[in-house]
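Undergrad: Model the following, please.
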Amino acid sequence: RSGRRTSWVTLAVVLACVAGFLYTRPIDEQADAEVEALVERAWEYFEQHPYVHVDEHMAELLGESDVTELRRAFALELERGGSPPIPGFVVQHDQAAFDRIAEQIDEALGAQSFHRFGFDPATLTDPDETIVTYALVHDDWLHLAANLVLVIALGLFLEEVWGRAIYTVFVLAATAAAAAGYAVLDPEGGV
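TA: Numbering: from 1, shown residues only. So this is what the prediction gives:
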């Protein structure tokens, strides 16, 4: 034996990342499918009711240029007298129905792992567990593999040189520092 110690911390980080990915992957696939179906439903509803208010977030999900184009076409039709004015109570009813779909989309988005475990810069003033858990969330296999290559390449060396205790503190501090750096560079950024 060459005197090398087993790099338990690095191994634990690798296993935590893989376990986190395997845990969140099916959840994300289900949430993504639900979001996609709801966005399609919202678009179909908007096509039928182009007078409802679409906030910035929904416009982004539906496609800002498509929303603008549909609104423009609807406004032109109104100008030409192609349809009568829509009564206020109808607009209210239709807006409430559209808003319910938007709420369902937000709930489905909230089920995604990036929203559940990802770091939100707004929490930096009152950090929660996501200041560390975000590091276990990966978008796809390539993202996971790239991170694991770095963890293994650097982790094995640093853990050997510094020892487990110092390396553990370093991993936790570096994870929190990266979240804080993200919050400073992009304070309005989402998860």
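Undergrad: Now find how far off-centre the helix or strand that contains N147 is within its chain.
TA: Assigned by DSSP states H and E, N147 belongs to helix 141-162. Mean C-alpha position of helix 141-162 versus that of the full chain (Cα atoms, centre = their mean, to the nearest Å) differs by 24 Å.
Undergrad: Let me see the mean pLDDT of it.
TA: Mean per-residue pLDDT for helix 141-162: 96.
Undergrad: Please export the C-alpha coordinates of that helix as CSV.
TA: Provided in CSV are the C-alpha atoms of helix 141-162 (Å, rounded to 0.1, in the frame of the first residue of the first chain):
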residue,chain,number,x,y,z
TRP,A,141,-26.3,13.5,-17.7
LEU,A,142,-23.8,15.7,-19.4
HIS,A,143,-24.1,18.4,-16.7
LEU,A,144,-23.7,15.7,-14.0
ALA,A,145,-20.7,14.1,-15.7
ALA,A,146,-18.9,17.4,-16.2
ASN,A,147,-19.3,18.3,-12.5
LEU,A,148,-18.2,14.9,-11.4
VAL,A,149,-15.0,15.0,-13.5
LEU,A,150,-14.1,18.2,-11.7
VAL,A,151,-15.0,16.9,-8.3
ILE,A,152,-13.0,13.7,-8.8
ALA,A,153,-10.0,15.4,-10.5
LEU,A,154,-9.7,18.1,-7.9
GLY,A,155,-11.3,16.4,-4.9
LEU,A,156,-9.0,13.4,-4.8
PHE,A,157,-5.9,15.6,-4.9
LEU,A,158,-7.2,18.2,-2.4
GLU,A,159,-8.5,15.7,0.1
GLU,A,160,-5.2,13.9,0.0
VAL,A,161,-3.2,17.0,0.6
TRP,A,162,-5.5,18.9,3.0
